[in-house]
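[1] Sequence and predicted structure are below.
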Protein chains: 2
Amino acid sequence: MGSPAASDDGNFPACQAREILGRIGDKWSLYVISLLGEDTKRFTDLKRGVEGISQRMLTVTLRGLERDGIVTRTVYPVMPPRVDYALTPMGRTLLETVGTLVAWAEEHVADIDGARAEYDERESYALRPLSSP
Amino acid sequence: MGSPAASDDGNFPACQAREILGRIGDKWSLYVISLLGEDTKRFTDLKRGVEGISQRMLTVTLRGLERDGIVTRTVYPVMPPRVDYALTPMGRTLLETVGTLVAWAEEHVADIDGARAEYDERESYALRPLSSP
DNA sequence: CGGAATCCGATCTGATACTG
DNA sequence: CAGTATCAGATCGGATTCCG
């Protein structure tokens, strides 16, 4: 329904791969996946484990990962509620790569910080016509 | 106005690592990095190589990667302009991991597509009170 | 505890037009 | 060729409130 023949990019394989990369490449997803590891974790565990994530973003992220078949969500009908999250077999195949990526980011914080400072100086400098204080 | 000492998260290491993950985890960055590989490529080559990227997003992505010290940008002062992009040594250390991630996404398009269909059905089904057509 | 729903400013992004 | 500038629409994401 709706659009007859316009923009069916949505079904284009390359477009789907991009969407998937968007999901797993998301900073929150990366942390959630690497934090889950081989274990089963509860919502609050993840919230504590992923520094700085809001409840909303954790919920949204987990929903997305669940929908894509990367994590499983198990609800126990008790009060107070208890929900367990874990990686699916497919999700586990991501673990090593994601772990490497997260580790890379953490290892290169200083390098990148330096590169940024250098770049910013170069740029502000390039933009200034002639003088320097 | 308001917050005097609140939210200096900006300098917090964990926050910086997240920001870096946000950059390299970005779908466009991932494609650009893996496409660059060991080579030097021109702007237009990248534009053609990264399916579906707009000129604007390619520019923005490359600027970010340059600022973070992941790619180099070489401008030749000729007409018409010529600009070469390549990975820095630091950028090259990402290549294997990023390549794996991109390959993973492409390999799992079908699986994830299936998982999504299943999830969507389960959900729409769960939300409906009782009846089914 | 683990959400869902809503509000709303901030950010992102594509389209378009212009340029050296 | 390789951008920059601008603008409007879409999306993101935090804060808040309410719920079983």
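    Cool, the structure landed.
[2] For residue A:14, give me the pLDDT.
    Looking at residue A:14, its pLDDT is 79.
[3] I'd say it and residue B:51 touch.
    Yes: with contact defined as CB atoms under 8 Å, residue A:14 counts as touching residue B:51 (4.6 Å). All C-beta atoms are positioned from the backbone trio N, CA, C, and that covers glycine.
[4] Report the closest residue of chain A relative to DNA strand C.
    DNA strand C sits closest to residue A:44 of chain A, with a gap of 2.9 Å, by CB to the nearest atom of the strand.
[5] Just the element for that residue, please.
    According to DSSP states H and E, residue A:44 maps onto helix A:43-49.
[6] Show the average pLDDT along that helix.
    Mean pLDDT, helix A:43-49: 96.
[7] After it, which helix or strand is next?
    Assigned by DSSP H and E, the successor of helix A:43-49 is helix A:55-67.
[8] what packs against that following helix?
    If you count contacts as 3 or more CB pairs under 8 Å, 6 or more residues apart in numbering or on different chains; DSSP states H and E, helix A:55-67 packs onto helix A:27-36, helix A:43-49, strand A:71-76, helix B:109-127.
[9] Can you lay out the ones you listed as CSV showing distance to DNA strand D?
    Converted to CSV, those look like this (distance: least, CB to the nearest atom of the strand, whole Å):
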stretch, distance to DNA strand D
helix A:27-36, 7
helix A:43-49, 11
strand A:71-76, 11
helix B:109-127, 15
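[10] ok, back up a step: the residue of chain A closest to DNA strand C: how many residues sit nearby?
    Counted with other CB atoms under 10 Å in any protein chain shown, the neighbours of residue A:44 add up to 12.
[11] And the one 10 residues further on, by the same measure?
    A count of neighbours around residue A:54, defined by other CB under 10 Å, yields 11.
[12] distance of it from residue A:44?
    For residue A:54, the distance to residue A:44 (CB to CB, to the nearest Å) stands at 13 Å.
[13] cool, and residue A:51?
    Separation of residue A:51 from residue A:44 (CB to CB) stands at 14 Å.
[14] these two touch, right, residue A:70 and residue A:86?
    No: in this structure, residue A:70 is not within contact of residue A:86 by CB under 8 Å, at 10.3 Å.
[15] Looking at the two, which has the bigger crowd around it?
    residue A:70 (27 against 16).
[16] Now do the same contact list for that one.
    Going by CB atoms under 8 Å, 6 or more residues apart in numbering or on different chains, residue A:70 touches A:24, A:33, A:87-88, A:90-91, A:94.
[17] Indicate whether the helix or strand bottoming out on mean pLDDT in chain A makes contact with chain B.
    Counting by mean pLDDT, DSSP states H and E, chain A has its least confident helix or strand at helix A:109-127, which shows a mean of 87. Yes: Helix A:109-127 lies within reach of chain B by CB under 8 Å from any CB of the partner chain, at A:109, A:111-116, A:118-120.
[18] residues from chain A in reach of DNA strand C?
    A:42-44, A:47, A:55-56, A:59, A:62-63, A:73, A:75, A:80-83, A:85 (CB under 7 Å from any atom of the strand).
[19] and these, which are buried?
    For the residues of chain A next to DNA strand C, a neighbour count by 16 or more other CB atoms under 10 Å in any protein chain shown gives the buried set as A:43, A:47, A:62, A:85.
[20] just these now: which is nearest residue A:29?
    residue A:62 (9.1 Å; CB to CB).
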